[in-house]
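> just need the structure, nothing else, for what follows:
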Amino acid sequence: MKQLKLGFLGVGGRGANLNKLVAEHFREVDIVAVCDVYEDRAKDAAEAVKGFRGVAPRYYTNADELLADEEVNIVIISAAWEAHAPLAVKAMRAGKITGLEVGGAYSLDDCWAMVRTYEETKTPFMFLENCCFGKAELLATSLVRKGKLGEVVFCHASYCHDLREEICGGIKNRHYRLRNYLNRNCDNYPTHNLGPIAKILNVNRGNRLLKLTSVASKSRGLSTFVQGKEEYKFLQDKTFAQGDVVCTNITCADGSLISLKLDTTLPRAYSREFLVNGTKGIYKEDTNLVLTDEMTFDHEKNIREYADTAKQFEEYLPSVWREEMSDAFKASHGGMDPIMLSVFFDAAANDKEMPIDVYDAATWMAVTCQSEASIAAGGMPVEIPDFTNGKWIMREPKEIINLD
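Next up, the predicted model:
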């Protein structure tokens with residue numbers, strides 16, 4: 001077993017939270033270095049580790065310096081979206097086991113660079129899509145694998161999250177979303193919803209994404225939100241490029257259809273709207289619903305009358321979700337983060353195959369730049385490259401976690 005010496009690249013909001021989670025709960029992993037372009041964040045992250053471990057890691061403000069640190073053998077990249085792919089390439093070239101946080105790609109070149117660097121260096125790489133490890137998503141996966149839903153025909157999921165304050169506070173909070181919403185119109189955050197679906201449909205392992213079409217609504221949510229608020233006065237004459245709602249349809253080689261939605265700039269409660277439609281049944285997260293042909297139900301009744309029927313199927317949950325989880329773990333995205341990190345660190349320490357690999361990362365991240373192209377072309381179909389270069393036909397399906 002390899003002793004993991006971890007370095008964090010980016011310790012803003014997401015990176016700071018992961019840094020604390022690892023420091024407190026993953027004592028087998030040594031945090032030896034942290035880095036952020038803002039020195040105060042780097043110092044704060046180092047002090048946070050010291051609070052849990054008694055010793056502060058080294059801190060850097062230049063990623064190249066951390067990647068040159070010979071003690072570091074594994075990194076988690078949680079920097080701004082624009083830096084994700086370039087830093088992943090640098091980390092793999094430096095021979096550091098690479099965990100990359102989520103976000104969309106700015107170009108296909110970025111995606112191909114990650115794939116080609118991995119194929120050249122063979123540096124272990126995992127895309128840290130925590131929603132793949134969610135309770136709802138893994139229950140649906142298990143039901144599909146056990147044949148309860150039949151052949152999957154259609155899947156839908158969304159990233160519905162009211163981010164108006166986070167976006168508009170971008171300059172004060174040094175957050176990257178503001179500049180993206182001002183200048184781009186795309187599904188900028190597709191992987192929370194696409195990742196679990198892609199795993200259910202065995203994308204890149206016997207199946208692949210073919211084409212997408214994307215359309216965007218008008219942009220009114222943010223311009224309305226900033227009016228009359230002194231703290232956002234500097235935004236009141238700005239035009240936001242990002243449409244309030246982006247809808248994307250993706251066709252797959254096996255004939256299944258995927259529907260994605262981005263909805264982050266209008267008043268709403270959080271939802272991923274996760275749904276799996278099969279020939280023998282349906283799973284719907286929002287109402288915690290499972291209906292199958294094996295059950296007795298009236299198809300004329302409103303779907304809300306069958307809310308919480310998923311509770312009848314909890315025996316199909318993976319053991320990791322049937323076991324009692326500490327409050328600290330539950331506080332980290334409901335338990336998804338610690339499960340994801342456990343899988344990542346186990347694979348890294350024991351030279352196991354990464355369950356969400358560079359081909360998955362490139363494919364899912366490409367939805368952003370391809371949706372941008374489709375929207376700009378009035379919703380025209382745009383191809384999604386085969387980043388496996390034909391190997392998807394021969395690659396065997398692989399679960400990201402034991403489903404028993």
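
> what ranges does the stretch 101-250 of the chain have for its helices?
Taking DSSP state H, counting those that start in this stretch, the helices of the stretch 101-250 of the chain run over residues 108-121, 135-145, 164-168, 170-173, 177-183, 191-200, 221-226.

> can you check the stretch 251-400 of the chain too?
Under DSSP H, counting those that start in this stretch, the stretch 251-400 of the chain gives helices at 319-322, 327-330, 336-349, 358-376.

> helices and strands around the longest one, which ones?
Packed against helix 358-376, as judged by 3 or more Cβ pairs under 8 Å, 6 or more residues apart in numbering; DSSP states H and E, are the following elements: helix 84-93, helix 108-121, strand 125-127, helix 191-200, strand 209-216, strand 245-252, strand 382-383. Where you see a C-beta, it was placed from the backbone N, CA and C, and this is true even at glycine.

> quick check on the most centrally placed residue in the chain: phi, psi?
Taking Cα atoms, centre = their mean, the centroid of the chain lies closest to Glu129, which sits 3.5 Å from it. Backbone torsions for Glu129, taken as degrees, to the nearest 10, come to phi -90, psi 100.

> check what pLDDT it gets.
Looking at Glu129, its pLDDT reads 98.

> now Leu235. Nearest residue, chain neighbours left out?
The shortest distance from Leu235 to any non-neighbouring residue, by Cβ to Cβ, 6 or more residues apart in numbering, is to Val226 (4.6 Å).

> what distance do you get for that neighbour to Arg268?
18 Å (Cβ to Cβ, to the nearest Å).

> neighbour count: these two, which is higher?
The neighbour comparison of Val226 against Arg268 (other Cβ atoms under 10 Å) goes to Val226, with 20 against 12.

> most tightly surrounded among the helices of the stretch 251-400 of the chain?
Highest mean neighbour count of those: helix 358-376, a mean of 25 (counted as mean count of other Cβ atoms under 10 Å).

> on that earlier part again, which of the helices of the stretch 251-400 of the chain sits closest to Cys155?
Closest to Cys155 of the helices of the stretch 251-400 of the chain, according to Cβ to Cβ: helix 358-376, at 13.7 Å.

> list the contacts of Ile401.
Contact analysis of Ile401 by Cβ atoms under 8 Å, 6 or more residues apart in numbering lists Phe133, Leu138, Pro318, Val320, Ile339, Val343, Pro355.

> burial of Gly334, as a residue count?
Neighbour tally, Gly334, other Cβ under 10 Å: 15.

> so it touches Phe133, yeah?
No - assessed by Cβ atoms under 8 Å, Gly334 is found out of contact with Phe133, at 9.8 Å.

> what about the stretch 201-350 of the chain, any weak spots by pLDDT?
Across the stretch 201-350 of the chain, residues meeting the criterion (pLDDT under 70) sit at 328-329.

> again, 80 this time
324-331 (pLDDT under 80).

> can you list the domains in this structure?
As given by automatic domain parsing, the domain ranges for the chain are 5-130, 131-318+358-393.

> before we move on, back to that, looking at the helices and strands packed on helix 358-376, which is closest to Arg179?
Of all the helices and strands packed on helix 358-376, it is helix 84-93 that lies closest to Arg179, at 14.8 Å by Cβ to Cβ.

> partner strands of the helix or strand that the closest one is followed by, with direction?
Per DSSP states H and E, helix 84-93 leads on to strand 97-100 as the next helix or strand towards the C-terminus. As defined by DSSP bridges, the strand partners of strand 97-100 come to strand 74-77 (parallel), strand 125-127 (parallel).

> contacting residues around strand 97-100?
For strand 97-100, the external contacting residues (Cβ under 8 Å, 6+ apart) are 4, 73-77, 84, 87-88, 91-92, 123-128, 344, 348, 361.

> what remains of those residues if I keep only buried residues?
Neighbour-count burial (16 or more other Cβ atoms under 10 Å) applied to the contacts of strand 97-100 gives 4, 73-77, 84, 87-88, 91-92, 123-128, 344, 348, 361.

> just say helix, strand or coil for Arg27.
The three-state label given to Arg27 by DSSP: H, G, I helix; E, B strand; the rest coil is coil.
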